[in-house]
Each structure stands twice: as structure tokens, then as C-alpha cells.
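Q: Coordinates only, no sequence provided:
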Ligand SMILES: Nc1ncnc2c1ncn2[C@@H]1O[C@H](COP(=O)(O)OP(=O)(O)OP(=O)(O)O)[C@@H](O)[C@H]1O
């Protein structure tokens, strides 16, 4: 699976259409003497949906931290559109189109849905933070994103008043208003009731299929992933155990062995 190391061109140069959107090459992260992510090599093509599965503590969130720039790798490289971003901080990666959601909610309970998205729009486009509406250039963008995420009727509700599924939609809305090309979704179904899962799954499918966004998603529920993901990456003890179509991965005896008793 491992490909020869080809350092990306310097950040800022023109993109080559042949480059994958994202390429990890021998990427790893060690902290306090422990290796949490080890020797991950993979490419993600434009418009692909790649899902990460693996037992608790396998290193999935840590890998997302490395891709989004929350932590920097201690081994290997990361390239976006062929440009080496290995040492780039998170805000520069966000500016280049990498957006992410977090496993635990990142919302402000007392702030309205509308204001969450408005602040995210201001953060994404630059400028000072203002929550009054007069002469606000983001109103149309905010309304559009709330409509796309099915939250138009909840614009004036506070985050605390939302159901778990609506909170997850709001996190997606906050992400979407920055128009990310590469979306990292870390367990977007976490805490969501069974009745709300289908609508949330459909929203993510739309963002991928109809809006053509490249999606990387950590998810424990295989039933959610089987209808969504083009490929599954299985992580185990910080390593990539398998990377293939959902059908091939679930039939892989090594994967089944790793999951024995953990219910793949
Ligand atoms: N900053 C850190 N310092 C030390 N250990 C860490 C740090 N961050 C993560 N770890 C450890 O790295 C391992 C992988 O954690 P990570 O959250 O990436 O796994 P995960 O696959 O996302 O798990 P889950 O499915 O439970 O969310 C865990 O054992 C965790 O305790």
C-alpha cells in the first residue's frame, strides 16, 4: 500500500489537477513517549467519501487533528492539492479549504443558531466580529446555509434549545458557511437519537453527492457508512489496518480479527 515518498511542491504554487486533494505519506504522531498515529500513507481524490472506523483509542481523532493542523505530525508529510502543508498551522489549513467538526459539541448554549453561523461566516471571510444585523454582508450566506442544513425555521433558537440532531446540523452549518472543500466529520452522529440519524445521514449525503465536497468521516455505526462511503479506512493501534471498498473491508479476515468481540 505504501507509495514512494514524493515531497509536495511548496505551499502556494499552482495546483496540478492530477494531485489528490489530500495525501498522507508515512504520517505519524508521538507524544510523551507514546506513538499514537503511525506510518499512515493514503491519498484522497476530489469528491471522495472516505470513512474511518476502528476501536476506541485507535487514533482516528488524533489523525483528524493531524490533518486539520490542531497538532503537527512528528513523522511523515501531509499534502493538500499537492502542496506540502505538514508544518502549516490549523488556521492556514482552514483558509485553504480544510474544515472540521468535533466529536464533542463546540456550540455556545446561549447563542442563537443564526448568530453561530454569522460568527463563523465572519471568521471565515475575515473582518471584525459583530452580531447586530444592520449592513451585515453575511445575511444571505447565513440564510442559505441554514436552509441547506434544514435549520431555517430554528434560526432564532438558542443552541441549548436544539435537539441533539439539530445541534449536529448546526455544527455542519458552522462548517459549511466557510465553504470547505475537504470536510472532516468526527462522529457526527454521536449523541443523536435513532429517529434523527436518517435525516442527518441524508444531509451528509447531499453535501457529498450534490455539492461535490470531499468528506472524511469517523463513524462507529457501519450501517450509516455502508450507504455513504466510497472507501473505508480501518485504524487499529494507530496504524492503517485496511483501506478499501466497504464490501472488501468488511470481508477482510484481518479486519474481522481486529474487531473480534467489538461488533464490526
Ligand atoms: N494529547 C495526548 N497525549 C497523550 N495521549 C493521547 C493524547 N491524545 C490522544 N491520546 C491517546 O491516543 C489514543 C488515541 O486516541 P484517539 O482519540 O485519537 O482515538 P480514537 O480512535 O479517536 O478513539 P474514539 O473512537 O474513542 O474517539 C488514546 O489512547 C488516547 O488516550
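A: Now that the structure is in, tell me what you want to look at. None of these values were measured; they are calculated from a predicted model.
Q: Now do the buried residues in stretch 194-201.
A: Residues of stretch 194-201 classed as buried by neighbour count (16 or more other Cβ atoms under 10 Å): 196, 197, 200, 201. Bear in mind the C-beta positions are built from the backbone N, C-alpha and C, glycine included.
Q: can you check stretch 249-260 too?
A: Quick answer for stretch 249-260 (16+ other Cβ under 10 Å): 249, 250, 252, 255, 258, 259.
Q: and if you look at stretch 150-163?
A: 150, 151, 154, 155, 158, 159, 162.
Q: For the fourth one, list the residues it contacts.
A: Just to be clear, that refers to residue 155. By Cβ atoms under 8 Å, 6 or more residues apart in numbering, residue 155 lies in contact with 112, 113, 114, 143, 146.
Q: if we go to 7 Å?
A: 112, 113, 114, 146 (Cβ atoms under 7 Å, 6 or more residues apart in numbering).
Q: show me what contacts the last one?
A: Residues touching residue 146, when contacts are defined by Cβ under 7 Å, 6+ apart, comprise 113, 117, 152, 155, 173.
Q: sorry, back to before: can you redo the buried residues of stretch 249-260 as CSV with distance to the ligand, secondary structure and pLDDT?
A: Formatted as CSV, those follow (distance: Cβ to the nearest ligand atom, whole Å; DSSP: H, G, I helix; E, B strand; the rest coil; pLDDT from 0 to 100):
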residue, distance to the ligand, secondary structure, pLDDT
249, 16, helix, 91
250, 18, helix, 87
252, 19, coil, 88
255, 15, helix, 84
258, 13, helix, 75
259, 13, helix, 70
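Q: is it possible to export the contacts of residue 155 to TSV including pLDDT, secondary structure and distance to the ligand?
A: Shown next, in TSV, are the contacts of residue 155 (pLDDT from 0 to 100; DSSP: H, G, I helix; E, B strand; the rest coil; distance: Cβ to the nearest ligand atom, whole Å):
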residue	pLDDT	secondary structure	distance to the ligand
112	95	strand	30
113	96	helix	27
114	94	helix	31
146	95	helix	29
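Q: wait, which of those residues is closest to residue 179?
A: residue 146 (14.8 Å; Cβ to Cβ).
Q: For this protein, just list every one of the helices.
A: Applying DSSP state H to the chain gives helices spanning 60-68, 90-95, 113-125, 139-148, 164-176, 197-209, 222-226, 246-251, 253-259.
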